[in-house]
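Asks: Take this sequence and fold it.
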Amino acid sequence: MFPAPAFLSNPERFMAFSRWAAPMFGVIAAVLALAGLWLGFTAPEDYQQGDTVRIMFIHVPAAWMSMFVYACLGGASFLALVFRHALADAAAQAAAPLGAAFTVLALATGSLWGRPMWGTWWVWDARLTSVLVLLLFYLAYMALRASLDDEAKSARAGAILALVGVVNLPIVHWSVNWWNTLHQGASVFRKGGPTMTVDYLYPLLLLSLAYMAAFGSLWLVRIRGEVWRRRAEAAALRAARG
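Replies: Okay, the predicted model is just below:
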């Protein structure tokens, strides 16, 4: 069996790194968010969508992050399942609520954007349905982890479920290409380059980086909390055994 990365097998090294990295990422996120919001809300109105186009600056990064965080969840679950490192399992468990929050934000802001554009709050098209399925995988993962008291069984079952859910990621990404859908196709990361003007592209990219930095900060904080929780439970168990 191949050795896991040393970082994932050394909680002390992680705790030392995350102690300064978490606040650093938080500061970076705040700076990028302020710059992105200022550029986004001072950009000119869209000639077709008017001011409603500004929902894009909140919606699109949230949609990207919903998939990115699940990829992190799946990767951490794979490492936990294969290498049996508790830190990788803690990382997976810590990522799930954050990914669910991004997915809810993406769905809510997409609904707000869709109402004036499509004339309805919701349609059962491929993109929206596959993102809803993504949210259900997040919720199922968290429910499964909470329902099992045995840490080892919980970790294994959660990892398997998370890896099954990874199959949905390419469906979410390619849904607008594979099926007819009201949802627009890619306008940033596409062959031929972005289709939007720099007035919208720059704030969108800044806010996407802000979301990623915020996730990095919150993920590190949540992993640290999970490590401390497990240490406290292990200490309590040792004390109970005398």
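
Asks: Please give the element, helix or strand, for the nearest residue to L32 once chain neighbours are set aside.
Replies: Closest residue in space to L32, ignoring its immediate chain neighbours: A210 at 3.7 Å, by C-beta to C-beta, 6 or more residues apart in numbering. Just so you know, the C-beta spots here come from the backbone N, C-alpha and C atoms, and that holds for glycine as well. A210 belongs to helix 198-241 when assigned by DSSP states H and E.

Asks: Show the model's pLDDT score for the nearest residue to L148 once chain neighbours are set aside.
Replies: Excluding the flanking residues, the one nearest L148 by C-beta to C-beta, 6+ apart is S154, at 3.9 Å. pLDDT for S154: 94.

Asks: How about the contacts made by S154?
Replies: Neighbour list for S154: 144-145, 148 [criterion: C-beta atoms under 8 Å, 6 or more residues apart in numbering].

Asks: Of those, which one scores lowest on pLDDT?
Replies: For the contacts of S154, the least confident entry is L148, with 92.

Asks: Need phi/psi at that residue.
Replies: Dihedral pair for L148: phi -110, psi 120, per degrees, to the nearest 10.

Asks: That one: neighbouring residues, count only.
Replies: Neighbour count of L148, defined by other C-beta atoms under 10 Å: 14.

Asks: Next: M117.
Replies: Using other C-beta under 10 Å: M117 sits among 14 other residues.

Asks: Tell me which helix or strand it sits in.
Replies: Going by DSSP H and E, M117 is in helix 86-118.

Asks: any chance of the contacts of S154 in TSV, with distance to V53 too?
Replies: Listed next are those as TSV, based on distance: C-beta to C-beta, whole Å:
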residue	distance to V53
L144	39
R145	39
L148	45
